[in-house]
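Colleague: What follows is a predicted structure for the sequence shown.
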Amino acid sequence: MRRFSLSMTYKMAALAAAAAVIWAHPMTARADEAAPASQVVTLAADELEDEEAYVASGPDMEVQQALAEELAAAEAAAQAEAAAQSEAAARQNLVNYALQFVGGPYRAGGNDPHTGADCSGFVKYVMQNGAGITMNRSSSAQASQGRTVDASQMQPGDLIFYGSGSRVNHVAMYIGNGQIVHASTYKTGIKISNWNYRTPVRIASMF
């Protein structure tokens, strides 16, 4: 809009200057007396070109570019925030789904917490039905999935693998506040424990 206004201003100025010269020097004047009119028009046109170049590459363009960059950064930040909120909601929904089975039976080789499941069967069932995430069947095979995270970065829905040395023999789901839910033993069934009741071999995120 500023560029358009400036262009119109200079064009009007050029026309006004030309008209003034022509009025001062009527058509009956000698040819050499009409020269100043063309000079004025040429000067005005040159100034207009200079102004247009200034608008196209001067401070206004820099301001517009800076504004565009700020808007792009704000949009990217908003998208990242929305994605983070969506993931947090999905994690909490998964945890809530898993917690409904607390008190259910443990069964070696079991795949359904409604009728009895072992640790990996419980995790496989909950991840699939609570978050739509497909898991391998055994805890050692599940330990090869996802990305490793540090204990300080654990979030609800992350999986914690336990074992002897590097060998994995148990898996649980982190539910927040330093706790896990897991299918533990025949005696205790599916229960809540502290996440570090054993030393983890690996902590992984499937999100």
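Modeller: In hand now; what should we look at?

Colleague: Could you work out the end-to-end span of stretch 190-203 for me?
Modeller: Taking C-alpha to C-alpha, to the nearest Å, stretch 190-203 runs 20 Å from one end to the other.

Colleague: Would you map out the domains in the chain?
Modeller: Domains of the chain are assigned by automatic domain parsing as 2-57, 103-205.

Colleague: Lowest average confidence across those, which one?
Modeller: When the domains of the chain are compared on mean pLDDT, domain 2-57 scores lowest, with a mean of 49.

Colleague: tell me what the longest helix along the chain is packed against?
Modeller: Scanning the chain for the helix with the most residues, using DSSP state H, yields helix 59-99. Contact here means 3 or more C-beta pairs under 8 Å, 6 or more residues apart in numbering; DSSP states H and E; on that basis helix 59-99 packs against helix 119-131, strand 167-176, strand 179-185. C-betas here are computed from N, CA, C, even on glycine.

Colleague: just so I know, which of these lies nearest I203?
Modeller: Proximity to I203, assessed across these by C-beta to C-beta, is greatest for strand 167-176 (7.6 Å).

Colleague: packing partners for that closest one?
Modeller: Using 3+ C-beta pairs under 8 Å, 6+ apart as the contact criterion, the elements in contact with strand 167-176 are helix 59-99, helix 119-131, helix 139-142, strand 159-164, strand 179-185, strand 200-205.

Colleague: can I get the CA coordinates of the third one in CSV?
Modeller: Meaning helix 139-142. Extracted in CSV, the C-alpha atoms of helix 139-142 (Å, rounded to 0.1, in the frame of the first residue of the first chain):
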residue,chain,number,x,y,z
SER,A,139,9.4,-58.7,26.9
SER,A,140,12.9,-59.2,25.3
ALA,A,141,11.5,-58.6,21.8
GLN,A,142,9.5,-55.5,23.0
